[in-house]
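Participant: no sequence for this one, just the structure:
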Ligand SMILES: Nc1ncnc2c1ncn2[C@@H]1O[C@H](COP(=O)(O)OP(=O)(O)OP(=O)(O)O)[C@@H](O)[C@H]1O
């Protein structure tokens with residue numbers, strides 16, 4: 001499998017504090033990785049530094065074989081807009097815009113395809129995530145789960161090869177978490193690589209690989225089979241992951 005992201009000897013220092021040290025890992029095309037670890041271990045910092053939202057103080061990040069950690073802000077924003085998708089704990093949709101307008105906006109900004117095509121994509125994404133009925137609603141008038149689904153549609157509007165997610169289910173109840181994870185697993189099954197930061201073992205158990213951070217270093221990782229939606233297997237992979245996490249004091 002081709003490598004989409006190659007992180008080499010990455011380090012991050014904030015003023016006097018070394019937060020990440022000597023991080024090395026590769027992500028294959030279409031792979032799904034979960035990053036776990038204690039609070040403060042550096043998970044979000046790692047996500048930001050491998051996705052061009054922040055810059056590492058040492059090391060390299062190759063995206064599709066291209067070094068991105070030293071690009072200027074303009075070039076990096078363009079790559080983020082056109083080739084990467086982002087989801088956060090809160091969807092950060094723009095106020096005073098409808099759900100649909102929020103979703104199409106990065107598509108229009110990118111300018112890679114026609115507005116008609118972007119509108120069609122938005123419809124398809126909203127149908128798939130079950131939010132077409134609220135497409136024209138103001139973002140203040142929909143539920144948290146609907147907002148998060150809209151955030152996912154927005155992240156996918158430019159058909160990225162990779163989706164970065166920082167605690168995407170952190171503000172959702174367990175049934176909405178399951179719905180959102182089903183959507184993310186489907187997107188992944190269609191070939192989009194996913195890197196997710198989460199505290200939730202049930203969420204991480206949906207990944208192919210769980211990377212455990214400790215004190216800003218990769219401690220080790222657990223490989224799981226590709227998730228296939230089988231409920232019995234899901235239960236056993238959750239148990240396996242929980243035992244593994246417990247051994248690491250999580
Ligand atoms: N902008 C910043 N300036 C200074 N220190 C920072 C900054 N961002 C993060 N840190 C520090 O880096 C360390 C790792 O933070 P980070 O948010 O990456 O951890 P985390 O594992 O994602 O934690 P949590 O699970 O609580 O979200 C923490 O000690 C934090 O205080």
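Facilitator: Great, that's in hand. Because the structure is predicted, anything quoted here is derived from the model rather than measured.
Participant: Now residue 153: phi and psi?
Facilitator: Main-chain torsions, residue 153, degrees, to the nearest 10: phi -60, psi -40.
Participant: and the gap between it and residue 80?
Facilitator: 17 Å (C-beta to C-beta, to the nearest Å). Bear in mind the C-beta positions are built from the backbone N, C-alpha and C, glycine included.
Participant: I figured residue 199 hits residue 168, correct?
Facilitator: No - counting by C-beta atoms under 8 Å, residue 199 stays clear of residue 168, with 11.6 Å between them.
Participant: Of these two, which one has the most company?
Facilitator: residue 168 (29 against 15; other C-beta atoms under 10 Å).
Participant: Show me which residues of this structure sit near the ligand.
Facilitator: 14, 19, 37, 39-45 (C-beta under 6 Å from any ligand atom).
Participant: List of residues touching stretch 66-76?
Facilitator: For stretch 66-76, contacts defined as C-beta atoms under 8 Å, 6 or more residues apart in numbering pick out 10, 49, 52, 55-56, 59-62, 79.
Participant: Identify each buried residue in it, please.
Facilitator: 68-69, 71, 76 (16 or more other C-beta atoms under 10 Å).
Participant: what does stretch 108-119 give?
Facilitator: Result for stretch 108-119 [16+ other C-beta under 10 Å]: buried residues 110, 118.
Participant: Compute the first-to-last residue distance for it.
Facilitator: 9 Å (C-alpha to C-alpha, to the nearest Å).
Participant: Mean confidence (pLDDT) on that stretch, please.
Facilitator: Per-region confidence: stretch 108-119 scores 96 on mean pLDDT.
Participant: What lies in contact with that stretch?
Facilitator: 81-82, 104, 107, 157-158.
Participant: Same question for stretch 142-149.
Facilitator: 87, 90-91, 93, 99, 129-131, 134, 139, 150, 168-169, 171-173, 176, 179-180, 183.
Participant: hmm, try it at 7 Å
Facilitator: 91, 93, 99, 129-131, 134, 139, 168, 171-172, 176, 179-180, 183 (C-beta atoms under 7 Å, 6 or more residues apart in numbering).
Participant: go on, stretch 85-100?
Facilitator: Contacts of stretch 85-100 (C-beta under 7 Å, 6+ apart): 102, 122, 131, 134-139, 142, 147-148, 150-152, 155-156, 160, 163-168, 170-171.
Participant: change it to 6 Å
Facilitator: 102, 134-137, 139, 147-148, 150-152, 155-156, 160, 163-168, 170-171 (C-beta atoms under 6 Å, 6 or more residues apart in numbering).
Participant: cool, and stretch 195-205?
Facilitator: 33-36, 43-44, 47, 164-167, 169, 181, 210, 237-238, 241-242, 245.
Participant: Mind doing that once more with 7 Å?
Facilitator: With C-beta under 7 Å, 6+ apart as the criterion, stretch 195-205 contacts 27, 33-36, 43-44, 47, 164-169, 177, 181, 207, 210, 234, 237-238, 241-242, 245.
Participant: Sitting in strands, which of the residues you listed do you find?
Facilitator: Residues of these located in strands (DSSP state E): 27, 33-36, 164-166, 210.
Participant: Any stretches of this structure with poor pLDDT?
Facilitator: Filtered on pLDDT under 70, the chain yields no residues whatsoever.
Participant: thinking again about what came up before, now, among the buried residues of stretch 66-76, which is nearest to residue 250?
Facilitator: residue 69 (29.0 Å; C-beta to C-beta).
Participant: quick revisit: and the contacts of stretch 142-149, which are buried?
Facilitator: 91, 93, 99, 129, 131, 134, 139, 168, 171-172, 176, 179-180, 183.
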